[in-house]
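1. Sharing a sequence plus its predicted fold:
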Amino acid sequence: MPRQEHQRKGEWTAFFATLLAVGIVALWALIPTQVLEATWQAEQQQMSSWAGESADRWIKAQAVEAVSAAAREAERTAAGLGDSAIERWLTDRIYASLLWANLALYRAHALLMWSLLGIPLILAASVDGFYVREIRKTAFISQSPIRHKIGVHFFRLVSLAVVAWLCLPLPMPIVVAPLVVSFMALSMWLWVGHLQKRL
């Protein structure tokens, strides 16, 4: 019975992964470049207002440096295309791909900037959870497998939220990055603090 459930779960995972891949390709093929440009500008304005011009310039420089080689290659490819409707569409998609990659890299570097504060928080939460568990080993207190499972699922959910935030080409509030770091710390505390005593 458990083997069949595991196989069924694997089938559903493959089905949802296929749907996600098809959705991303469809979004790439249909999204207007104006939406990506507006998102890119909104992200920069939010970062400038939150962290200042210098932080925005640093993040922008890192993102542009990471995508510059691909941009030069894309420019050569686009220059070789003609003026037919399909080739104009391909040129537009090349530009959209570069904008999307640049947006994802911009958000990744923003998350990296917040991680300078967040990594000590995550480490502190993990160590605190570990010592809470060690204290409970000597006390007559039962560990909660439900809370442990909540921590595991919460960590997975936060990881999926990070991937979605990095890839979605829509304007999002800049507070997503510090919230993700805080929720990751909370999930690590739940995960480690409620491990079984005998492990």
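-> Okay, I see it.
2. where do the helices sit along this protein?
-> 2-30, 33-51, 53-79, 85-138, 145-167, 176-193 (DSSP state H).
3. need the ones you listed in CSV with mean pLDDT and mean neighbour count, can you?
-> Where C-beta positions appear, they are placed from N, C-alpha and C, glycine not excepted. Listed next are these as CSV, based on pLDDT from 0 to 100; neighbours: other Cβ atoms under 10 Å:
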stretch, mean pLDDT, mean neighbour count
helix 2-30, 76, 10
helix 33-51, 84, 16
helix 53-79, 78, 14
helix 85-138, 85, 16
helix 145-167, 84, 14
helix 176-193, 86, 20
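4. which residues sit in contact with residue 158?
-> Residues counted as contacts of residue 158 (Cβ atoms under 8 Å, 6 or more residues apart in numbering) are 180, 183-184, 187.
5. so how far is residue 186 from it?
-> Distance, residue 158 to residue 186, using Cβ to Cβ, to the nearest Å: 9 Å.
6. related to what we said a few turns ago, ok, of the contacts of residue 158, which one's closest to residue 139?
-> Closest approach to residue 139 among the contacts of residue 158 (Cβ to Cβ): residue 187, at 23.8 Å.
7. Surely the closest one touches residue 149?
-> No: Residue 187 is beyond contact range of residue 149, at 11.3 Å (criterion: Cβ atoms under 8 Å).
8. what sits in contact with each of these two?
-> By Cβ under 8 Å, 6+ apart, no residue touches both residue 187 and residue 149.
9. Might one say that residue 105 is in contact with residue 67?
-> Yes: assessed by Cβ under 8 Å, residue 105 is found in contact with residue 67 at 6.1 Å.
10. Using CSV, write down the CA coordinates of stretch 74-94.
-> Provided in CSV are the C-alpha atoms of stretch 74-94 (Å, rounded to 0.1, in the frame of the first residue of the first chain):
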residue,chain,number,x,y,z
ALA,A,74,21.7,38.0,-28.1
GLU,A,75,22.4,41.3,-29.8
ARG,A,76,24.4,39.5,-32.5
THR,A,77,21.7,36.9,-33.0
ALA,A,78,19.0,39.6,-33.2
ALA,A,79,21.0,41.6,-35.7
GLY,A,80,21.2,38.6,-37.9
LEU,A,81,17.4,38.2,-38.0
GLY,A,82,15.3,39.7,-40.9
ASP,A,83,12.2,41.8,-40.9
SER,A,84,9.5,39.2,-41.3
ALA,A,85,6.7,38.9,-38.6
ILE,A,86,8.1,35.8,-37.0
GLU,A,87,11.6,37.2,-36.9
ARG,A,88,10.4,40.4,-35.3
TRP,A,89,8.6,38.2,-32.7
LEU,A,90,11.8,36.3,-32.1
THR,A,91,13.7,39.5,-31.6
ASP,A,92,11.0,40.6,-29.1
ARG,A,93,11.3,37.3,-27.3
ILE,A,94,15.1,37.6,-27.1
